[in-house]
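Participant: Build me a model from this:
(2 chains)
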Amino acid sequence: NAGVTQTPKFQVLKTGQSMTLQCAQDMNHEYMSWYRQDPGMGLRLIHYSVGAGITDQGEVPNGYNVSRSTTEDFPLRLLSAAPSQTSVYFCASSFSGVENTEAFFGQGTRLTVV
Amino acid sequence: AQSVTQLGSHVSVSEGALVLLRCNYSSSVPPYLFWYVQYPNQGLQLLLKYTTGATLVKGINGFEAEFKKSETSFHLTKPSAHMSDAAEYFCAVSYSGGYQKVTFGTGTKLQVIP
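Facilitator: Prediction:
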């Protein structure tokens, strides 16, 4: 099983550029989410989705957009990249409705904005 | 609101010594608690999770954690550290909200000294 697949693994952007981080899962999970990981700050939730067509903001949503057209895919869009968005981004998925289930994480995308 | 506090951003132990990583949570409703491990340049992987009932939870790689409601704690322990345990460990909490909105602690990096 592939699990959660993120692409690309590394990316360098110039300030003001836009890009999309891809996330796909093959476990038929309803719930998907995006986190950013910064030193000393743990993982912070950017956006999440409880099913196709349903998304909501997390703790740090500014500068990011998401959509969920299928169960499998949950892309994260950076509208106009800023140096403050330099981070490692993780996508995660899990079943919803089973409240103590685990989240499965992708390998991460390391983004540098110069 | 839910939050997680991990005491100590860095912990060093000698190989063979006891590992103790501390986690305290705050939650206005009964929590669901997790420990995740992150090896260098990888995503997060579930070590163990607390479900209602058994307060002592056993996980992978010899780790275990005890849920203490009176102390609002969920500390992670391992009797004897191995070099391969060197990683970053994250405590996380979710609550009975119908879907997996998980809050992570800031992480503890474990160093194992030969």
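
Participant: Any idea how far apart the tips of stretch A:103-114 sit?
Facilitator: This stretch, stretch A:103-114, spans 32 Å end to end (C-alpha to C-alpha, to the nearest Å).

Participant: any idea of the mean pLDDT for it?
Facilitator: Rounded to a whole number, the mean pLDDT of stretch A:103-114 is 94.

Participant: So for it, what gets flagged as buried?
Facilitator: A:103, A:104, A:105, A:106, A:107, A:108, A:109, A:110, A:111, A:113 (16 or more other C-beta atoms under 10 Å in any protein chain shown). Every residue, glycine included, has its C-beta placed from N, CA and C.

Participant: what sits against the second one?
Facilitator: Spelled out, that is residue A:104. Residue A:104 sits next to A:3, A:4, A:25, A:27, A:29, A:92, A:93, A:94 when contact means C-beta atoms under 8 Å, 6 or more residues apart in numbering or on different chains.

Participant: Which of the buried residues of stretch A:103-114 fall in helices?
Facilitator: Using DSSP state H, no member of the buried residues of stretch A:103-114 falls in helices.

Participant: Out of these, which is nearest to chain B?
Facilitator: Proximity to chain B was ranked across those by C-beta to the nearest C-beta; first place goes to residue A:105, at 3.6 Å.

Participant: can I assume that closest one is in contact with residue B:45?
Facilitator: Yes - assessed by C-beta atoms under 8 Å, residue A:105 is found in contact with residue B:45 at 7.3 Å.

Participant: residues near residue 36, how many?
Facilitator: Using chain A. A count of nearby residues for residue A:36, using other C-beta atoms under 10 Å in any protein chain shown, gives 23.

Participant: meant chain B actually
Facilitator: 25.

Participant: do the one 4 residues further on as well
Facilitator: Residue neighbour count, defined by other C-beta under 10 Å, stands at 7 for residue B:40.

Participant: How about it: what's its closest non-neighbour residue?
Facilitator: residue B:87 (7.5 Å; C-beta to C-beta, 6 or more residues apart in numbering or on different chains).
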